[in-house]
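A.B. asks: model this:
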Amino acid sequence: MNKNQSLPWDHPRFRSWIAVARACQLMQQSLTRSLADLDIKPPHLDILVNLYRFEGISQQELARKLLVGRSNMSMLLPQMEKRGLLVRRDDERDKRVLRLHLTPEGRKLTEQAMVIQTGLIERTLSAEPIEQCMATADSMERIIGVLLQDLRDED
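C.D. replies: Numbering: from 1, shown residues only. Okay, here's the model as predicted:
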């Protein structure tokens, strides 16, 4: 770099990006600690919440929603199935597709975990006015849109 080039940390957008990344990392750490008594981690919670919302979703659809590869799913799902939290069933129309369903135990655990997660979010963001929370969400959703478009363009 020459003397006339500004450094990345001198840019407001860089500062914003670092702040978002640090907040996300710290929130994940807090969530991990908060969920420890339930013996699940944030990736398990992501799966459980999506199955709670989208009962019968396919493994492929779930991987796409979570922005992870199918290999990640193939590691986590058997663990969760063995624990009795979910079941995989053949799709009635396409036997190549597996549909995911929560068990009653999985549904109960998901509800407990959601209480913990929403409590953490509420405690963490309670000092922020709702309008600011919504503005931040709008901003992050625009950024997500740009990043998803970049991924599509690469494919």
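
A.B. asks: from E55, how far out is the spatially most central residue of the chain?
C.D. replies: Centroid-nearest residue in the chain: D46, 5.0 Å away (criterion: CA atoms, centre = their mean). Separation of D46 from E55 (CB to CB, to the nearest Å): 16 Å. Backbone N, C-alpha and C define where each C-beta goes, glycine included.

A.B. asks: same question for M27.
C.D. replies: Per CB to CB, M27 is found 27 Å from E55.

A.B. asks: quick one, which of those two is more surrounded?
C.D. replies: Neighbours were counted for M27 and for E55 using other CB atoms under 10 Å; M27 has more, 16 against 12.

A.B. asks: just the pLDDT for the more buried one.
C.D. replies: On pLDDT, M27 comes in at 96.

A.B. asks: for it, which non-adjacent residue is closest in space?
C.D. replies: T124 (6.8 Å; CB to CB, 6 or more residues apart in numbering).

A.B. asks: what about the one you found, which SS state?
C.D. replies: Per DSSP: H, G, I helix; E, B strand; the rest coil, the secondary structure class of T124 is helix.
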